[in-house]
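In: Pasting a predicted model and its sequence here:
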Amino acid sequence: MSGTAPQGTGLTLRDSPQRPWPLHGIVSWILGPVFFGLALAMVLPVREWAFAAPAEDDALVPAEAIRNDPLRTPMGDPPRVRIGAYEHACDDCHRLFESPEIQHRPLVQHTHVVLRHGMNDNCFNCHDRTAREKLVLRTGELIGYDEGWRLCAQCHGTLYRDWEHGGHGKTMGSWMAEARDRLRCAQCHDPHSPAFPALTPLPGPRTLRMGDQAHNSAHAPAPRSPLRRRGGPSQGHTPEAHP
Amino acid sequence: MMMRRNSRSAALAGLALALGSVPLRAQVFGPAELTEESKACIACHRERSPALYQQWGASKHFRANVACIECHGAAKSDVDAFEHYGQSIAILVTPKDCSRCHSKEVEQFAASHHAKGGRILGSLDNVLAEVVEGNRGMKTPGHPEGVAASAVNGCWQCHGSQVKVIEGGRLDPATWPNSGIGRINPDGSEGACNACHSRHEFSAAQARHPDTCGKCHLGPDHPQKEVYEESKHGIAFFANVERLNLASNKWIVGEDYWAAPTCATCHMSATRKQPVTHDVGLRISWNNRPELSVRTDHADALMNLAGAKVSWQDRRQNMKDVCLACHDSQWVENFYQQYDSLIELYNEKFARPARDLYALARPLLRPAQFSNELDWSYYELWHHEGRRARHGAAMMAPDYTHWHGMYEVSRRFYADFVPKLEALADRHAGDADQAKAAAARALRARLDEVLESEDHRWYIGRMPPEEAARRKRAAEEFKARYDPAR
């Protein structure tokens, strides 16, 4: 016994392909997935999917940023304007004063109105000079303030066509025709300065791979890839924060 | 910093624009000529109300062709509209009517405490006038249940009535005539521009005169007018009133006048940096109306006014900007230390202990307010005497601060309020009613605590020996100064 090399050592077993260790298969089957799992864990942001189930109070997009209401509340019909702390009908003042035939003058009232509408720079192109609580079409027809889109359609024909067919503008409610509500021109555009204001983009959606971007961006630049992200300082949610 | 500079230059540009557009305003706003409707009014009223007609003729409104119907014309749907020789008119011209042209001024005014003066109708002061002073003797169509003539002729004339419209667009006699600054109007607006801008001349010079403010800001409970007259500011005003350029369209202290400030100068009017404001609270940093003085932003928040967003520090900065037109910065800073110290003294030495003690005494008193002598003592302590002291300090009138103010406060406290409290506590100490006996014990304990505090221990003969020695030494020096033979 003493003169022979000890049998059953791992070294001997491994070096002798002729004599495979009987448990070899089972160990491989256990270790294989373990190593694979460890490798995967190095690649994937384990902690994210393991612990960071989106909590109710941790919405990525703040609730107030998601708005389904129109951007603007255009003038209703009959129009009312808030001047000097009180609501006035147009005729409260305009029945007193005849409007002069002047196109460009500094406004003393309605100073919030900024007229930046290209060549359409005459108040009385759209407002009637005497019937102040009405708008006026090129045909001379008086329309209510709730029909303002008919004014826009006079010049912006192609956009109007697109809007009619659903290609321009925002559709609210449902695609079903009966439940559909299409925002009208002045619910997004200021009729006096119709160019659309620059919008602030909201952060992207929360995904398993990208993690909570809103949270990341508060501390460090958003990672371009999950791999790169692991090299940086500790980020994302800690398990303690999300029991 | 950049933002601040930008906003300041924007404000200056806005001011320049506003000033520059003043001459335009008449052309832009006024009718091109007197309207036919107004001419019809004038045909009769120049005979029937000749002085009114002459006043209007001297006004800027006349020069802008703004005449009768432009202000008094009313939509038929208005509650106070009535038919008058074929025209629909209303008697009352409210801030809402004025805001058609003077929108900025009305906007500022509507945010001020002035516009809310009518809300006093349910306050303690009104219990005093309606119940204690008055009865339900004045019966009118608008007040069939009767209302107190003392409130109608007194409180409401400054604070403003709630105007009621009776049959045919007529106005209820209990509620009008009334030009109270917080008048509640039938169209829902609050205030009365003619409280200061008297009809029908609407003279700026008159509105800027301290007597305009003095219709209401005077008397035993808030003698701002008398305080001003006693101060150097008032002295300078009376000596130089004809040099103040009061009627000038542009009225900037240091540019258009410099000999004296009026009430308006400090509280409203333009400086080289600030435009005129019709919110009179935007330059004051203490609200000295309540029992204990509070900061003005806090007072605005209690009344849910937009001004709550303007901190008292910013308001003080606004006022300092006015001061600096005549005074140097050290003068201004030191004055504010003097003023703040007086408020602190009044609040902490008298107002706070008095408020605590009065609350502890209430269970031992007859329940109706003003049915006990102690109610009157406490009320006058803060509402009359305490305010006189504080207003006197705020506007630099030494006699009002001291003799009409702190002297009266301390006399009220030591020679009236405290002895009454002591008697009350003693009387109920052995009360059969256990609750009352307990209340008496609590009152006695707090009273002892107050009197043994550093501020009051002199009263019970327990001034610290070193303080007594210091005072004795000062008295001897005083005697030696005036009696060298000693």
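Out: Great, that's in hand. Numbering: from 1, shown residues only, chains lettered A, B, ... in the order given.

In: Count the residues that sit near residue 192.
Out: Went with chain A since none was named. Counted with other Cβ atoms under 10 Å in any protein chain shown, residues neighbouring A:H192 total 17. C-beta coordinates here come from the backbone N, C-alpha and C atoms, glycine included.

In: if you could check chain B rather than the one you did, that'd help
Out: So B:A192, with other Cβ under 10 Å, has 29 neighbours.

In: Now for it: which residues touch it?
Out: Taking Cβ atoms under 8 Å, 6 or more residues apart in numbering or on different chains, we find B:A192 in contact with B:94-95, B:160, B:178-183, B:185.

In: all helices for chain A, in order.
Out: Using DSSP state H, the helices of chain A run over A:10-15, A:24-43, A:46-51, A:90-94, A:149-155, A:157-165, A:185-188, A:213-219, A:226-231.

In: State the mean pLDDT of the fourth one.
Out: Averaging the model's pLDDT scores along helix A:90-94 yields 86.

In: Which residue does the stretch 301-450 of chain B have closest to chain A?
Out: Here the stretch 301-450 of chain B gets closest to chain A at one residue, B:A306, 10.0 Å apart by Cβ to the nearest Cβ.

In: Please tell me how far the one residue sitting closest to the centre of chain B sits from B:C196.
Out: Centroid-nearest residue in chain B, with Cα atoms, centre = their mean: B:H217, separated by 5.9 Å. With distances taken as Cβ to Cβ, to the nearest Å, B:H217 is found 11 Å from B:C196.

In: what does A:D69 give?
Out: Distance, A:D69 to B:C196, using Cβ to Cβ: 42 Å.

In: ok, B:K420 touching B:D375?
Out: No - judged on Cβ atoms under 8 Å, B:K420 makes no contact with B:D375 at a distance of 10.4 Å.

In: Now do the contacts for the closest residue to chain A within the stretch 151-300 of chain B.
Out: Per Cβ to the nearest Cβ, B:S189 is where the stretch 151-300 of chain B lies closest to chain A, at 5.8 Å. By Cβ under 8 Å, 6+ apart, B:S189 lies in contact with A:85-86, B:94-96, B:110.

In: if we go to 7 Å?
Out: B:S189 makes contact with A:86, B:94-96, according to Cβ atoms under 7 Å, 6 or more residues apart in numbering or on different chains.

In: Then A:G166?
Out: With Cβ under 7 Å, 6+ apart as the criterion, no residue contacts A:G166.

In: Please name the nearest non-neighbouring residue to the residue of chain A found nearest chain B.
Out: In chain A, the residue found nearest to chain B is A:G84; the distance is 2.6 Å by Cβ to the nearest Cβ. Distances taken as Cβ to Cβ, 6 or more residues apart in numbering or on different chains place B:S99 nearest to A:G84, at 2.6 Å, with adjacent residues excluded.

In: What of B:A75?
Out: Using Cβ to Cβ, 6+ apart, the closest residue to B:A75 is B:A81 (6.5 Å).

In: try A:V113
Out: Nearest one to A:V113, counting by Cβ to Cβ, 6+ apart, is A:H192 at 5.2 Å.

In: Hmm, that neighbour is touching A:L115, no?
Out: Yes - the pair A:H192 / A:L115 is scored as a contact, 5.1 Å apart, by Cβ atoms under 7 Å.

In: Tell me the residues of chain A that contact chain B?
Out: Chain A comes close to chain B at residues A:83-86, A:88, A:92-93, A:96-98, A:105-106, A:108-109, as judged by Cβ under 7 Å from any Cβ of the partner chain.

In: Identify those among these that sit within strands.
Out: Those of the residues of chain A next to chain B mapping onto strands are A:83, A:86, A:88, per DSSP state E.

In: So what's the residue count around the first one?
Out: In terms of burial, A:I83 registers 22 neighbours under the definition other Cβ under 10 Å.

In: follow-up on the earlier one: what's near enough to touch the residue nearest to the centre of chain B?
Out: B:224-225.

In: Buried only: go through the residues of chain A next to chain B for me.
Out: Buried subset of the residues of chain A next to chain B (neighbour count, 16 or more other Cβ atoms under 10 Å in any protein chain shown): A:83-86, A:88, A:92-93, A:96-97, A:108-109.

In: In those, find the pair that's most separated.
Out: Using Cβ to Cβ, those span at most 20.6 Å, a distance reached by A:A85 and A:F97.

In: So what does B:R295 look like in phi/psi?
Out: Backbone torsions for B:R295, taken as degrees, to the nearest 10, come to phi -70, psi 150.

In: The nearest residue to it once chain neighbours are set aside: what's it in contact with?
Out: Distances taken as Cβ to Cβ, 6+ apart put B:W312 closest to B:R295, at 4.1 Å, once the chain neighbours are dropped. B:W312 makes contact with B:285, B:295-297, according to Cβ under 7 Å, 6+ apart.

In: Looking at the residues you listed, which are in helices?
Out: Those of the contacts of B:W312 lying in helices (DSSP H): B:296-297.

In: Including neighbour count, distance to B:A359 and pLDDT, could the contacts of B:W312 go into a markdown table?
Out: Listed next are the contacts of B:W312 as a markdown table, based on neighbours: other Cβ atoms under 10 Å in any protein chain shown; distance: Cβ to Cβ, whole Å; pLDDT from 0 to 100:
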| residue | neighbour count | distance to B:A359 | pLDDT |
| --- | --- | --- | --- |
| B:S285 | 24 | 28 | 97 |
| B:R295 | 17 | 23 | 96 |
| B:T296 | 26 | 25 | 95 |
| B:D297 | 20 | 26 | 94 |
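
In: how about the contacts of B:W312, which pair is most distant?
Out: With distances taken as Cβ to Cβ, the most widely separated pair in those is B:S285 and B:D297, at 9.0 Å.

In: tell me the pLDDT at the residue nearest to B:A75?
Out: At B:A81 the predicted local confidence, pLDDT, stands at 95.

In: Please apply the same query to the one 5 residues further on.
Out: Here, the pLDDT recorded for B:G86 equals 95.

In: I'd like the distance between it and B:E70.
Out: 17 Å.

In: still on that earlier bit, same list, the contacts of B:W312, but as a markdown table with distance to B:P50 please.
Out: Shown next, in a markdown table, are those (distance: Cβ to Cβ, whole Å):
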| residue | distance to B:P50 |
| --- | --- |
| B:S285 | 48 |
| B:R295 | 50 |
| B:T296 | 45 |
| B:D297 | 49 |
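
In: With adjacent residues omitted, what lies nearest to B:K76?
Out: Nearest-residue entry for B:K76: B:S88, 5.0 Å, with adjacent residues in sequence omitted and distances by Cβ to Cβ, 6+ apart.

In: what is the one you found paired to in the beta sheet?
Out: Bridge pairing for B:S88 (DSSP bridges) gives the partners B:E83.

In: Could you pull up the contacting residues of it?
Out: B:73-76, B:81.

In: got it, and B:P95?
Out: Contacts for B:P95 (Cβ under 7 Å, 6+ apart) come out as B:106, B:109-110, B:189, B:191, B:193.

In: Swap in 10 Å and give it another go.
Out: By Cβ atoms under 10 Å, 6 or more residues apart in numbering or on different chains, the contact list for B:P95 reads A:84-86, B:102, B:105-107, B:109-110, B:115, B:183, B:185, B:187, B:189-194.

In: just checking, the residue of chain A closest to chain B touches B:T94?
Out: No - counting by Cβ atoms under 10 Å, A:G84 stays clear of B:T94, with 11.1 Å between them.

In: check whether stretch B:150-162 contacts chain A.
Out: No - judged by Cβ under 10 Å from any Cβ of the partner chain, stretch B:150-162 and chain A are separated, with a smallest distance of 16.1 Å.

In: Now do the helices in the stretch 101-250 of chain B.
Out: Here the stretch 101-250 of chain B has its helices, by DSSP state H, counting those that start in this stretch, at B:103-110, B:124-127, B:149-150, B:156-159, B:204-208, B:210-213, B:224-230, B:232-240.
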